[in-house]
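>>> got a sequence here, can you build the structure:
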Amino acid sequence: MVATSAVLGRKWHPVIVQRLLADGPLRFGELEGSIQGVSGKVLSESLSDLQEKGLVDRTVVDERPIRVEYALTEHGQGLSAAVEELERWGREYLREATAPEESII
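Okay, the predicted model is just below:
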């Protein structure tokens, strides 16, 4: 459990994995635009960490202009059931916060 929480316990990791599961490969800007509240710096650091852990692949697409896409590896896709369960739990037990500082339970 400690190893799993090291991967999913970081604030933006589960959200990034969920977006890549739902939408497939995404460019950095697309991913950043789909995650409300994440800064570019934090997203970049989180993607690097997920790459180091073998959950995300970074692919440079040789087009003009050159673009970079992020996609889940096979190991990253293996988190599908865990992310789905987190989403289910959230729908059942949490309410939508109207402000970031509000408690959502």
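>>> where are the low-confidence patches of the protein?
97-105 (pLDDT under 70).
>>> can you tell me how far the residue at minimal distance from the centre of it sits from I66?
Nearest to the mean C-alpha position of the chain, counting by CA atoms, centre = their mean, stands I16 at 0.8 Å. Per CB to CB, to the nearest Å, I16 is found 22 Å from I66. For every residue, glycine as well, the C-beta is placed using N, CA and C.
>>> one step back: for the residue nearest to the centre of the chain, which non-adjacent residue is spatially closest?
S46 (5.8 Å; CB to CB, 6 or more residues apart in numbering).
>>> so where does the one you found fall, helix or strand?
Assessed by DSSP states H and E, S46 sits inside helix 40-52.
>>> now for that helix, which elements pack on it?
For helix 40-52, the packing partners by 3 or more CB pairs under 8 Å, 6 or more residues apart in numbering; DSSP states H and E come out as helix 13-23, helix 28-34, strand 56-61.
>>> the shortest one vs helix 13-23, what angle?
The reference is to strand 56-61. 50 degrees (axes from the mean of the first three to the mean of the last three CA atoms, to 10 degrees).
>>> give me the number of neighbouring residues for R58.
R58 is flanked by 13 other residues according to other CB atoms under 10 Å.
>>> now it: how far from A71?
Taking CB to CB, one finds R58 at 8 Å from A71.
>>> hmm, back to that, and the residue nearest to I16, what does it touch?
Shown in contact with S46 (CB atoms under 8 Å, 6 or more residues apart in numbering): 10, 12-13, 16, 38.
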